[in-house]
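**Q** Starting from these lines, generate the structure:
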Amino acid sequence: MAQLELIATATFGLEAIVAKELKALGYTQQQVENGRVLFQADERAICRSNLWLRTADRVLIKMGQFEARTFTELFDRTKALPWHEWLPLDAEFPVEGKSVKSTLFSVPDCQAIVKKAIVEKLKEKYKVNWFEEKGPRYKIEVALLKDVATLTIDTSGAGLHKRGYRKLVSPAPLKETLAAAMILLSRWQEDRPLIDPFCGSGTIPIEAALIGLNMAPGLKRAFVAEDWPNIPRKLWQEAREEAGELLQGDGELAIEGYDWNKEVLGMARDHAKEAGVEKHIHFQQRALADLSTRKKYGYIICNPPYGERLEEKAAVERLYRQMGQVFGKLDTWSVYVLTSQRGFEKLFGRKADKNRKLYNGRIECHYYQFYGPQPPRPKAEGTITTSGNPSS
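**A** Alright, predicted model coming up:
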């Protein structure tokens, strides 16, 4: 198989997590940059990375990168790339663009130049003068940053946060990719309890269940590159079969999602069913003040209201104080909170052991991490404890 240069795009702050996911898939030749991870792999990786990446936004094929300060340079260097190796005669190939701190600042003009250059290249290779563009879709992007143009083809189609299970829309939904990142950053393990006391439409508990069961997040959706003749259907079939074999569907998980809103809890249950994890999550209508559990050494992972509007600020500050009081009673639990509230630690009544800047959409947030104690190690079989000293 041909060696390709691929790009997994990511929300700012999640690049290192995406890189770690790629390494777990076996793709170790990589370079981490702002908003993306470049990696070397073959066509099979297009299938596997789309199926398995939990925190990336898209998987792109990097067609080329070059300096371009004039439209002539952009046209000539775009035309020189091997577009015919990917785009069949009937390909639909819209061109999108963006330009940051570049001489060529007009995005519509750059898109038109790139489109024209690709058409001219395909005319030479296919010996035709007209392309109907009624076949498979190859979305092309020209991204200009400081006069360097990067040309890519999108293999994902809909963003990778669209797992296929969230059919209904709740107010202020958390993206699936960010929810998965919150869980991976917490280092939660499937043998530990997990509670989201503000679960809304269920994204955090569902993503936790997918991780706990080792279920590929893209298993229930399609990708645009599945229609491409360049990638044999057998590769997609093999990637899906591999994901099915690695699924640990019989695992027992202790995941709970609470919310005061009965309507959004109904959405959460529907989403969990669509995701195939409904039997692994317990959803319940419950106010924060009523949060209690006999379980120990668990994880609270949540995305509470932020109070972005001025009229909500006082109510949210009261909520954060209450969180500190309620969560404080669970003295063996670890707590992970995503919020844009800069004064969260003071309101919560405790300084975080660690915090990390993340973005929820365009909202700058911090992920506050409060570590609980480690559970005691089980005694080795056959040992007897006397006076605090183990003996056999």
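**Q** Neighbours of Pro94, how many?
**A** 13 (other C-beta atoms under 10 Å). C-beta here means a position set from N, CA and C on the backbone, and glycine is covered the same way.
**Q** ok, it touching Ile140?
**A** Yes. Between Pro94 and Ile140 there is a contact under C-beta atoms under 8 Å: 7.1 Å.
**Q** bridging residues for Cys365?
**A** Per DSSP bridges, the residues bridged to Cys365 are Leu358.
**Q** Quick check: it touching Leu358?
**A** Yes. Between Cys365 and Leu358 there is a contact under C-beta under 8 Å: 5.3 Å.
**Q** joint contacts of these two?
**A** Leu338 (C-beta atoms under 8 Å, 6 or more residues apart in numbering).
**Q** what's near enough to touch the closest residue to Glu278 other than its chain neighbours?
**A** Spatially, and ignoring its direct neighbours in sequence, Glu278 is nearest to Ala272 (4.2 Å; C-beta to C-beta, 6 or more residues apart in numbering). Counting by C-beta under 8 Å, 6+ apart, Ala272 touches Tyr165, Gly202, Pro205, Ile206, Ala209, Glu278, Ile281, Phe283.
**Q** what's the answer for Leu338, then?
**A** So Leu338 contacts Leu178, Met182, Cys302, Asn303, Leu358, Asn360, Cys365, His366, Tyr367, Tyr368 (C-beta under 8 Å, 6+ apart).
**Q** quick one: pLDDT of the second one?
**A** Among the per-residue scores, Met182 shows a pLDDT of 98.
**Q** so is Gln325 in a helix, a strand, or just coil?
**A** Under DSSP: H, G, I helix; E, B strand; the rest coil, Gln325 falls in the helix class.
**Q** State the distance from it to Arg318.
**A** From Gln325 across to Arg318, the span is 11 Å (C-beta to C-beta, to the nearest Å).
**Q** Could you say which helix or strand holds the residue lying closest to Glu226 once chain neighbours are set aside?
**A** In this structure, Glu226 finds its nearest non-sequential neighbour in Trp236, 5.5 Å apart by C-beta to C-beta, 6+ apart. Taking DSSP states H and E as the definition, one finds Trp236 inside helix 233-246.
**Q** now do Ala272
**A** Following DSSP H and E, one finds Ala272 within helix 262-275.
**Q** One more: Ile113?
**A** In the assignment (DSSP H and E), Ile113 maps to helix 107-126.
**Q** these two touch, right, Val128 and Leu89?
**A** Yes. Contact criterion C-beta under 8 Å: Val128 and Leu89 qualify, at 7.2 Å.
**Q** Below-threshold pLDDT in the stretch 1-150 of the chain: ranges please.
**A** Applying pLDDT under 70 to the stretch 1-150 of the chain flags the ranges 1.
**Q** in it, which spans are helices?
**A** 15-24, 43-52, 71-79, 107-126 (DSSP state H, counting those that start in this stretch).
**Q** can you check the stretch 151-300 of the chain too?
**A** Using DSSP H, counting those that start in this stretch, the helices of the stretch 151-300 of the chain run over 176-186, 203-212, 233-246, 262-275.
**Q** among the helices of the stretch 1-150 of the chain, which is the most enclosed?
**A** helix 43-52 (a mean of 23; mean count of other C-beta atoms under 10 Å).
**Q** can you list contacts of it?
**A** Helix 43-52 has contacts (C-beta under 8 Å, 6+ apart) with 1-2, 4, 6, 8, 21-22, 25, 27, 39, 41, 56, 59, 61, 155-156, 160, 216-219, 223, 225, 230-232, 235-236, 238-240, 242-243.
**Q** Can I get the buried part of those residues as one PyMOL selection?
**A** The command below creates a PyMOL selection of those among these that count as buried (16 or more other C-beta atoms under 10 Å):
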select buried, resi 6+8+21+22+27+39+41+56+59+61+155+156+160+216+217+218+219+223+225+231+235+236+239+240+242+243
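**Q** ok, back up a step: what packs against the helix holding Ile113?
**A** helix 71-79, strand 95-100, strand 140-145 (3 or more C-beta pairs under 8 Å, 6 or more residues apart in numbering; DSSP states H and E).
**Q** how about the ones you listed in JSON lines, adding distance to Asp196?
**A** Shown next, in JSON lines, are those (distance: least, C-beta to C-beta, whole Å):
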{"stretch": "helix 71-79", "distance to Asp196": "47"}
{"stretch": "strand 95-100", "distance to Asp196": "35"}
{"stretch": "strand 140-145", "distance to Asp196": "35"}
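**Q** so of the helices of the stretch 151-300 of the chain, which one's packed in deepest?
**A** Of all these, helix 203-212 carries the top mean neighbour count, a mean of 27, counting by mean count of other C-beta under 10 Å.
**Q** list the helices and strands it packs on?
**A** Packed against helix 203-212, as judged by 3+ C-beta pairs under 8 Å, 6+ apart, are the following elements: helix 176-186, strand 194-196, strand 255-259, helix 262-275, strand 281-285, strand 299-302.
**Q** Need the ones you listed in CSV (columns: distance to Lys98).
**A** Compiled in CSV, the helices and strands packed on helix 203-212 are given as follows (distance: least, C-beta to C-beta, whole Å):
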stretch, distance to Lys98
helix 176-186, 20
strand 194-196, 35
strand 255-259, 37
helix 262-275, 32
strand 281-285, 39
strand 299-302, 33
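**Q** re earlier: quick check: mean pLDDT of the helix holding Ala272?
**A** Helix 262-275 shows a mean pLDDT of 95.
**Q** Report the angle between it and strand 255-259.
**A** Angle of helix 262-275 versus strand 255-259, following axes from the mean of the first three to the mean of the last three C-alpha atoms, to 10 degrees, is 150 degrees.
**Q** Can you check what angle separates helix 262-275 from helix 203-212?
**A** Between helix 262-275 and helix 203-212, the angle comes out at 20 degrees (the same axes, to 10 degrees).
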